[in-house]
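**Q** Here is the input, now give the coordinates:
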Amino acid sequence: MRSLSLILVFFCSAVHAQNKPDTIRAGDLQLKYLPLGTQQYLVYIKTKEGLKKGIWLWERTTSRELFHEQPSITIRQQWTTSDTGFNSRQITSVVNAKDFTPVYHTTTNPKTGKEAYNFHTTEIVSADSVADAGRKDFKIIIPEPAFNWELDLETFPLLPLKEGKTFAVNFYHPGSKTGPAWYNYTVTGSEKLNTTNGETVDCYKLYTEYANNRGNSTWWLSKKTHEVLKMEEHFGAITRYKLKLAVQE
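**A** Residues are numbered from 1 along each chain as shown. Coordinates of the predicted model:
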């Protein structure tokens, strides 16, 4: 019985170690997988009746540039929809070229106007240099640098992906009054996606559950390039998709 008990102890310890999240901090991302150039995504909601609603086109262009004379990575986003009440959104995010930590972020849309933020080691503040930006008095203290949650599509490809791995990522949504928080993402396995041209792509499946049973999402990332090809998000009877487009106009 003592031998069996020891075996169970070692087995439980191994399972616990295997499921323990790898904490992702500055310097842990694999920038060789950075998706440079322009990526397009079709984003929409699918109801339980099968209707597609809230259709958006997201264009995200990533380039290496200088920001205040420092090597940086700039991601420019253009969101477009046919909804006349809220038909566009522009986002520009600048991150450190060495570790992908945020440096600057600005966003403009018809409803909320323009917002701009500077990221520092221990705080995030409104960017005084942007004259027409709102929320001039914004300031939030952070215990350590957090990754920009608006750049999840660019951040996930940089994770050291491997089946069975769980990653704890410190994300913050720029401008939120809620501070950065750690979120767990698990590579639950592999699956081959069928493309529109009849090919198949072997992918990692990255999964996360939202707090308070609010839903979950799964991300499919190419094993070869690590780019995000698909996201499927569930909120009750609602399913939200992000699908990478292969051809630009």
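**Q** For the rest of this, base every contact and every neighbour count on C-alpha atoms.
**A** Will do.
**Q** for the spatially most central residue of the chain, helix, strand, or coil?
**A** In the chain, the residue lying closest to the centroid (CA atoms, centre = their mean) is Asp152, at 1.0 Å. Following DSSP: H, G, I helix; E, B strand; the rest coil, the label given to Asp152 is helix.
**Q** Could you pull up the contacting residues of it?
**A** If a contact means CA atoms under 8 Å, 6 or more residues apart in numbering, then Asp152 has no contacts.
**Q** Which pLDDT value goes with it?
**A** For Asp152, the pLDDT comes out at 97.
**Q** Please look at Arg135 and Ala127 and confirm they touch.
**A** No. Look at Arg135 against Ala127 with CA atoms under 8 Å: they stay out of range, at 9.4 Å.
**Q** What strand or helix carries Leu221?
**A** strand 216-222 (DSSP states H and E).
**Q** Helix or strand next in line after the biggest strand by length in the chain, which one?
**A** Counting residues, the longest strand found in the chain (DSSP state E) is strand 52-67. Next in sequence after strand 52-67, counting helices and strands by DSSP H and E, comes strand 70-81.
**Q** in its sheet, what does that next one sit against?
**A** strand 52-67 (antiparallel), strand 88-96 (antiparallel) (DSSP bridges).
**Q** What segments of this protein are helices?
**A** Assigned by DSSP state H, the chain shows helices spanning 2-19, 152-155.
**Q** Return the set of buried residues in the shortest one.
**A** Of the residues in helix 152-155, those buried under the neighbour-count criterion (16 or more other CA atoms under 10 Å) are 153-155.
**Q** can you check stretch 167-185 too?
**A** For stretch 167-185, using 16+ other CA under 10 Å, the buried residues are 167-175, 179-180, 183-185.
**Q** what's the farthest-apart pair in these?
**A** Phe167 and Gly175 (24.4 Å; CA to CA).
**Q** Tyr185 contacts Thr166, correct?
**A** Yes. At 5.5 Å, Tyr185 counts as touching Thr166 under the criterion of CA under 8 Å.
**Q** mind showing which ranges of the chain have poor pLDDT?
**A** Scanning the chain with the threshold set as pLDDT under 70 gives 1-19, 84-86.
**Q** try 80
**A** Low-confidence segments of the chain (pLDDT under 80): 1-19, 83-87, 110-112, 128-136, 212, 247-249.
**Q** measure the nearest residue to Gly27 once chain neighbours are set aside to Gly113 for me?
**A** Using CA to CA, 6 or more residues apart in numbering and skipping residues adjacent in sequence, the residue nearest Gly27 is Asp99, 4.9 Å away. For Asp99, the distance to Gly113 (CA to CA, to the nearest Å) stands at 30 Å.
**Q** Around His39, count how many other residues there are.
**A** Just to correct that, residue 39 is Gln rather than His. As a burial measure, Gln39 scores 20 neighbours (other CA atoms under 10 Å).
**Q** Could you do Leu66 as well?
**A** Using other CA under 10 Å, Leu66 has 14 neighbouring residues.
**Q** Identify the residues contacting it.
**A** With CA under 8 Å, 6+ apart, Leu66 has these contacts: 72-73.
**Q** Pairing partners for it in the sheet, please.
**A** Pro71.
**Q** roughly how far apart are it and Asn96?
**A** 10 Å.
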